[in-house]
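K.L.:
sequence and predicted structure, then a few things I'm wondering about:
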There are 2 protein chains.
Amino acid sequence: MPDSIARHVASPVDSVETELVAVLVSVTQGQPRVLTRDCSQALPAGPFESSHRSLQAGLRAWVETQTHHPLGYVEQLYTFADRDRANLQGQRIISVSYLGLTRESPKLDDESVGWQDWYRYFPWEDWREGMPAMLNDTIMPALQAWSCDTSDAIGGDRQRRQRVEYTFGQDESSWNEELVLQRYELLFEAGLVPEAKRRESALPAPLVPGEAMQHDHRRILATAMARLRAKIRYRPVVFELMPPSFTLLQLQQAFEAVAGRNLHKQNFRRFIEQQTLVEETGQMTRGTAGRPAKLFQFRGDIMQERAIAGSKLPLAR
Amino acid sequence: MPDSIARHVASPVDSVETELVAVLVSVTQGQPRVLTRDCSQALPAGPFESSHRSLQAGLRAWVETQTHHPLGYVEQLYTFADRDRANLQGQRIISVSYLGLTRESPKLDDESVGWQDWYRYFPWEDWREGMPAMLNDTIMPALQAWSCDTSDAIGGDRQRRQRVEYTFGQDESSWNEELVLQRYELLFEAGLVPEAKRRESALPAPLVPGEAMQHDHRRILATAMARLRAKIRYRPVVFELMPPSFTLLQLQQAFEAVAGRNLHKQNFRRFIEQQTLVEETGQMTRGTAGRPAKLFQFRGDIMQERAIAGSKLPLAR
DNA sequence: ATTACTTATGCTCACTGTTAGCATAATTAG
DNA sequence: CTAATTATGCTAACAGTGAGCATAAGTAAT
């Protein structure tokens, strides 16, 4: 096959359907939200049409049509085409997934579409109130059992145990909030999420808390969460999630909502100020408990610069 | 359009062709190489067929058939579907690009396929011998001119100048080796690469050194370089590029080849040793100039652990 | 007003990782 | 035997980060 490495011409038989899947994120009331459809069981998906200039343009087009809100930040996540993804005609589906950030909850046309707290699907990812109890109660025991069960182990159970230990750090300091996807995949492999049962019929294991989604949408959401948690640390993308003016605490809480863990208040302030990403509006909050806070806004001029440069954020470990 | 946000059924008209594009990288003789075809003017591309289990499986399949070499590390890069990408029938092409690392140059079936030094396409990215002269001689003057030319500027020239300054740091310390893609895009926008001319016919600007590629393959290569340069710093992926045993200097040179800049020798050694990613083989080099060096090999056991964990590498700034 | 409580904000100290050298060791080339 | 070359050990200076103490400025209740 001397020429098969060269550019090919596909037969029409192999043509596939392409869809765009969006993970739209906002933060309202200090809670991270994700836009869902089908009674919160799926992510919004739209067609990629020939009229679209590019994939990203296609995504922006139908999302903005739907939500009547501009999409601030958009980033391609991943492209999936696993064998079990096929439409009714048996045609293969390729899904190109995107992460999008939006400033606030838009009004939605459709009843079946709405914003959900993303920890609804990944309750073990929220460490803002400390380690979620379900980790010790349900998840870890189940994972221990799985990692000791050598009946279906290929690489031996030592490797499994190592992997469990690494992805699910046992305490506040060894928990890595960016491993959302790895943790989900581990739970999947261990047969602890309902999605895994769809393939292999009878796996005897207790299911773990957290709502499932259709197809592999929860996996896509995990990818998005991991990406955003990583990105938010070294790129000034939180801005896209904030209202025009805000206090430093509100900004911190947006961070914490996304990261799923708390930050040291004074250090956060120091960091934000030294980055000079924000400036005082001159106004203060009123009527809240405690000392009034200064209101800030983002510096549009600096923003563009940093949009390229990025800024590293110290998250409490 | 109340239902258009829901899962759609595509019309056959909108079906597209899907190809897989691979950026295969190896490091030989301290030089970073990339596998090319068509007289080094294009990246290898293969079809995505229904028989493939997944995109990545499809890629592995045809690459390994071709090169008879196992692909160590494979990572999805990006999916492109810009309007100008279309096949002869006018059908839209979606390209899913992958980065693959391989241990050494495989023997190739095909004459038109070969390994090229990747700096052939991006000569300004190689700072191992200090700042490339062409930056001062050709590139920067051309970019200055472009950033001052407000005739087609939308956001004003101040923003352009800022962008030029940031992406092309003027000295060793402000050069960010991970901005490969941003730099290429900037040159593209400024009309300084031949690819840009293919669209808009007559842009009066001197072209910049560096060989072009077909379609947007140079852009894909830039994406791969940027990704690899970023990844190599915090994930133990260099391993995939090394022979079974090597000296620490060889390991360092592999790093430097990819990063396009030099590392502080002693600090590199300290870093590698503290990571305990390698162990001595007990053998030494012989017949080389200078003091003989210990030979090392990677610790397979630790590798798996770190494959998840990653290790941060301090690159000289 | 006084007290308790809450949030905002300023400052400092200890620790860690990184950068940049100096110094020494062990070879080969001549 | 000397010069050149590469390997390897060690450390001082510095920057960024994590954690806590202390103070300021409000609200709510007594």
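P.N.:
Sure, I can see it. Residues are numbered from 1 along each chain as shown, chains lettered A, B, ... in the order given.
K.L.:
can you show me the strands along the stretch 151-300 of chain A?
P.N.:
Applying DSSP state E, counting those that start in this stretch to the stretch 151-300 of chain A gives strands spanning A:278-284, A:294-298.
K.L.:
looking at those, which is nearest to B:T276?
P.N.:
strand A:278-284 (41.8 Å; CB to CB). C-beta here means a position set from N, CA and C on the backbone, and glycine is covered the same way.
K.L.:
tell me which of the strands of the stretch 151-300 of chain A sits most buried.
P.N.:
strand A:294-298 (a mean of 18; mean count of other CB atoms under 10 Å in any protein chain shown).
K.L.:
before we move on, back to that, among the strands of the stretch 151-300 of chain A, which is nearest B:H69?
P.N.:
strand A:294-298 (49.4 Å).
K.L.:
CA atoms of that closest one as CSV?
P.N.:
Provided in CSV are the C-alpha atoms of strand A:294-298 (Å, rounded to 0.1, in the frame of the first residue of the first chain):
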residue,chain,number,x,y,z
LYS,A,294,-14.9,48.2,47.0
LEU,A,295,-16.4,47.4,43.6
PHE,A,296,-14.0,46.5,40.7
GLN,A,297,-14.2,46.1,37.0
PHE,A,298,-12.0,44.5,34.5
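K.L.:
now check it, is it near DNA strand C?
P.N.:
Yes - using CB under 7 Å from any atom of the strand, we find that strand A:294-298 touches DNA strand C at A:K294.
K.L.:
that strand near DNA strand D anywhere?
P.N.:
No - with CB under 7 Å from any atom of the strand as the criterion, DNA strand D is not reached by strand A:294-298; the gap is at least 10.6 Å.
K.L.:
which other residues reach that strand?
P.N.:
Applying CB atoms under 8 Å, 6 or more residues apart in numbering or on different chains, the contact partners of strand A:294-298 are A:236, A:239, A:242, A:244-248, A:251, A:277-285.
K.L.:
hang on, A:H217 packs against A:P44?
P.N.:
No - in this structure, A:H217 is not within contact of A:P44 by CB atoms under 8 Å, at 9.8 Å.
K.L.:
overlap of the contact sets of those two?
P.N.:
The contact lists of A:H217 and A:P44 share A:V21, where a contact means CB under 8 Å, 6+ apart.
K.L.:
who does the host helix or strand of A:V63 touch, helix- and strand-wise?
P.N.:
For A:V63, the element it lies in under DSSP states H and E is helix A:55-67. Packing contacts for helix A:55-67, counted by 3 or more CB pairs under 8 Å, 6 or more residues apart in numbering or on different chains; DSSP states H and E, involve strand A:17-28, strand A:45-47, strand A:73-80, strand A:93-101.
K.L.:
can I get those strands in JSON lines including mean neighbour count and distance to chain B?
P.N.:
Formatted as JSON lines, the helices and strands packed on helix A:55-67 follow (neighbours: other CB atoms under 10 Å in any protein chain shown; distance: least, CB to the nearest CB, whole Å):
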{"stretch": "strand A:17-28", "mean neighbour count": "24", "distance to chain B": "5"}
{"stretch": "strand A:45-47", "mean neighbour count": "21", "distance to chain B": "5"}
{"stretch": "strand A:73-80", "mean neighbour count": "20", "distance to chain B": "4"}
{"stretch": "strand A:93-101", "mean neighbour count": "23", "distance to chain B": "5"}
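K.L.:
and the residue of the stretch 201-317 of chain A nearest DNA strand C?
P.N.:
A:G290 (2.0 Å; CB to the nearest atom of the strand).
K.L.:
next: the stretch 1-150 of chain A.
P.N.:
Counting by CB to the nearest atom of the strand, the stretch 1-150 of chain A gets nearest DNA strand C through A:G30, at 11.9 Å.
K.L.:
distance of that residue relative to chain B?
P.N.:
27 Å (CB to the nearest CB, to the nearest Å).
K.L.:
that residue contacts A:A257, correct?
P.N.:
Yes - here A:G30 reaches A:A257: they are 5.5 Å apart, a contact under CB under 8 Å.
K.L.:
and the helices and strands packed on helix A:55-67 as a markdown table, adding mean pLDDT?
P.N.:
Converted to a markdown table, the helices and strands packed on helix A:55-67 look like this (pLDDT from 0 to 100):
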| stretch | mean pLDDT |
| --- | --- |
| strand A:17-28 | 93 |
| strand A:45-47 | 87 |
| strand A:73-80 | 94 |
| strand A:93-101 | 94 |
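K.L.:
dump the strands of the stretch 151-300 of chain A to a markdown table, plus distance to A:Y121 and mean pLDDT.
P.N.:
As requested, those are exported to a markdown table (distance: least, CB to CB, whole Å; pLDDT from 0 to 100):
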| stretch | distance to A:Y121 | mean pLDDT |
| --- | --- | --- |
| strand A:278-284 | 31 | 94 |
| strand A:294-298 | 30 | 95 |
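K.L.:
got these as a markdown table, with distance to B:L20 columns?
P.N.:
Output for these, formatted as a markdown table (distance: least, CB to CB, whole Å):
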| stretch | distance to B:L20 |
| --- | --- |
| strand A:278-284 | 44 |
| strand A:294-298 | 40 |
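K.L.:
which bits of the stretch 151-300 of chain A sit near DNA strand D?
P.N.:
A:H264, A:Q266, A:N267, A:R270, A:F271, A:R286, A:G287, A:T288, A:A289, A:G290, A:R291, A:P292.
K.L.:
just among these, which is most surrounded?
P.N.:
When neighbours are counted by other CB atoms under 10 Å in any protein chain shown, A:F271 leads these with 17 neighbours.
K.L.:
low-confidence stretches in the stretch 201-317 of chain A?
P.N.:
A:201-206, A:302-317 (pLDDT under 70).
K.L.:
residue numbers of it in contact with DNA strand C?
P.N.:
Counting by CB under 7 Å from any atom of the strand, the stretch 201-317 of chain A sits next to DNA strand C at A:247-249, A:265-266, A:269-270, A:288-294.
K.L.:
greatest separation within these: which pair is it?
P.N.:
Largest pairwise distance in these, by CB to CB, is 23.8 Å, between A:R270 and A:A289.
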